[in-house]
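Participant: generate a structure from the sequence data that follows.
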Amino acid sequence: MKLTEPMALEARISQWPGVVTVGIFAFQKADICLLATPDGVQTLRY
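Facilitator: Numbers count the residues shown, from 1 in each chain. Purely as a prediction, here's the structure:
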């Protein structure tokens, strides 16, 4: 699946009742990513 309009999608999902966070990070980019791997957790910094 290709997200062609991530900001619009995040805004739309955020309006759904009960949604606390979306996780697309289109409006506020993530600085860090914790990625689970078979060898443990990798920390990716941006």
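Participant: if I look at the residue of the chain most remote from its centre, how far off is C33?
Facilitator: Distance to the chain centre peaks in the chain at D39, reaching 22.9 Å (criterion: CA atoms, centre = their mean). In this view, D39 and C33 are 16 Å apart by CB to CB, to the nearest Å. (C-beta placed from N, C-alpha, C; glycine too.)
Participant: same question for W16.
Facilitator: Counting by CB to CB - W16 and C33 are separated by 24 Å.
Participant: with neighbour numbers in mind, choose between these two.
Facilitator: C33 (11 against 8; other CB atoms under 10 Å).
Participant: what packs against the host helix or strand of that one?
Facilitator: With secondary structure defined by DSSP states H and E, C33 is part of strand 32-37. With contacts taken as 3 or more CB pairs under 8 Å, 6 or more residues apart in numbering; DSSP states H and E, strand 32-37 sits against strand 40-45.
Participant: quick check: mean pLDDT of the strand it packs on?
Facilitator: Across strand 40-45, pLDDT averages out at 95.
Participant: how far does that strand sit from the chain's center?
Facilitator: 16 Å (CA atoms, centre = their mean, to the nearest Å).
Participant: if we can go back for a sec, in its sheet, what does the strand holding C33 sit against?
Facilitator: Counting by DSSP bridges, the strands paired with strand 32-37 are strand 40-45 (antiparallel).
Participant: just the residues contacting the strand it pairs with, thanks.
Facilitator: For strand 40-45, contacts defined as CB atoms under 8 Å, 6 or more residues apart in numbering pick out 31-35.
Participant: mind listing what's buried along it?
Facilitator: Of all the residues in strand 40-45, not one is buried under the rule 16 or more other CB atoms under 10 Å.
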